[in-house]
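1. Quick one, structure for this:
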Amino acid sequence: MLIYLLGPLLALFPRRWRKLLPAGSAVEWRRATVLSGFGEAVIALIALMYWYSYYMAVMVDHGLDAALTGKLPSGVTDHGIGFAALLIWATHPLTWLIAYAGVEGSVRFLGAAFTETDLGILPLFLLDKIIGKFSGRSEPSLAKAAGYSQANFSSFFGAIREKALVKGLPDELCFSGSVPDELLEIRACRRKADWNPPRTVRFQDSYYRLEALSGGSAPRPFRYTLRKLPAGVMGRTVLVYSPGDAPVLAKR
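-> Coordinates of the predicted model:
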């Protein structure tokens with residue numbers, strides 16, 4: 001319940017601020033950012049529609065009043081007045097501000113949904129950077145923190161496109177070594193929830209200990225290294241892995 005009530009609001013803050021919040025550890029930030037970004041985009045769209053209808057009505061009324069009182073040159077039509085009002089509305093600072101909020105919300109929504117990048121809003125992010133600059137603190141870039149080496153908008157949207165294309169790509173399995181040092185490497189296109197070392201994973205009739213999570217190359221950038229256990233007991237904390245029809249690489 002916390003993720004749906006408080007999470008979207010807390011997701012507006014930069015990542016470093018969230019870590020300082022008492023409820024920060026209880027929020028699943030990816031889902032919270034999806035809701036927050038979607039809400040920001042929808043609210044901006046509604047605000048833009050309301051602002052358009054209000055401002056256009058006011059400007060057109062003023063233009064018609066000016067035309068009736070002879071304050072405008074002769075020959076000015078209602079279409080001309082409407083076009084002038086539209087031009088003024090499009091260049092108004094409030095219009096640009098609302099449009100920016102809509103674009104920012106869309107970027108945050110897509111980033112969280114497809115690249116697992118839980119971005120806060122830009123003004124607070126810049127404020128955090130300024131505070132960190134003067135206090136001597138620093139943290140990895142958003143791209144590196146999310147597992148990507150690119151740090152510009154073109155690569156960010158490229159990552160979104162790549163994630164959308166490989167969403168249904170099956171995992172690759174690679175076995176190496178021999179008993180008692182048999183290893184299984186799982187190469188996946190998306191991060192697996194709750195797969196944090198040293199969790200125990202059951203695959204078919206065997207048990208493995210998850211030892212490491214590392215980065216790899218596209219289209220499967222997430223690589224999980226597991227070591228086979230001599231025995232295991234099924235329990236609530238054991239992760240069950242079912243790759244389906246994933247390709248299995250032969251032992252090396």
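2. Longest strand in this protein, by number of residues?
-> strand 206-215 (DSSP state E).
3. buried sites along it?
-> Under the neighbour-count criterion of 16 or more other CB atoms under 10 Å, strand 206-215 has 207, 208, 210, 213 buried. Glycine gets a C-beta too; all of them are placed from N, C-alpha and C.
4. Please report how far residue 61 lies from residue 71.
-> Summarising the geometry, the distance separating residue 61 from residue 71, computed by CB to CB, to the nearest Å, is 14 Å.
5. ok, now residue 192?
-> In terms of CB to CB, residue 192 sits 68 Å off from residue 71.
6. When the two are compared, which one has more neighbours?
-> With neighbours defined as other CB atoms under 10 Å, residue 192 and residue 71 compare such that residue 192 has more, 16 against 10.
7. ok, back up a step: just checking: what are the partner strands of the longest strand of the chain?
-> Applying DSSP bridges, strand 206-215 is found paired with strand 200-203 (antiparallel), strand 222-228 (antiparallel).
8. Residues contacting it, please?
-> 147, 184, 195-202, 221-229, 231-232, 238-239 (CB atoms under 8 Å, 6 or more residues apart in numbering).
9. can you do 10 Å?
-> Identification of contacts with strand 206-215 by CB atoms under 10 Å, 6 or more residues apart in numbering yields 147-149, 182-186, 191-192, 195-202, 221-234, 238-239, 241.
10. So the chain: which segments form each domain?
-> If you go by automatic domain parsing, the domain ranges for the chain are 2-135, 172-249.
11. Tabulate the ones you listed (CSV), appending mean pLDDT.
-> Converted to CSV, the domains of the chain look like this (pLDDT from 0 to 100):
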stretch, mean pLDDT
domain 2-135, 82
domain 172-249, 84
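12. Dump stretch 77-94 to PDB, restricted to CA.
-> What follows is stretch 77-94 as a C-alpha-only set of coordinates in PDB (Å, rounded to 0.1, in the frame of the first residue of the first chain):
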ATOM      1  CA  THR A  77     -11.000  38.700 -39.300                       C
ATOM      2  CA  ASP A  78     -11.900  36.300 -36.400                       C
ATOM      3  CA  HIS A  79      -9.500  33.700 -37.900                       C
ATOM      4  CA  GLY A  80      -6.700  36.200 -37.700                       C
ATOM      5  CA  ILE A  81      -7.600  37.000 -34.100                       C
ATOM      6  CA  GLY A  82      -7.700  33.200 -33.300                       C
ATOM      7  CA  PHE A  83      -4.300  32.600 -34.900                       C
ATOM      8  CA  ALA A  84      -2.700  35.500 -33.000                       C
ATOM      9  CA  ALA A  85      -4.200  34.200 -29.800                       C
ATOM     10  CA  LEU A  86      -2.800  30.700 -30.600                       C
ATOM     11  CA  LEU A  87       0.700  32.100 -31.300                       C
ATOM     12  CA  ILE A  88       0.700  34.100 -28.000                       C
ATOM     13  CA  TRP A  89      -0.400  31.000 -26.100                       C
ATOM     14  CA  ALA A  90       2.200  28.800 -27.700                       C
ATOM     15  CA  THR A  91       5.000  31.200 -26.700                       C
ATOM     16  CA  HIS A  92       3.700  31.800 -23.200                       C
ATOM     17  CA  PRO A  93       6.200  30.700 -20.400                       C
ATOM     18  CA  LEU A  94       3.500  28.800 -18.600                       C
END
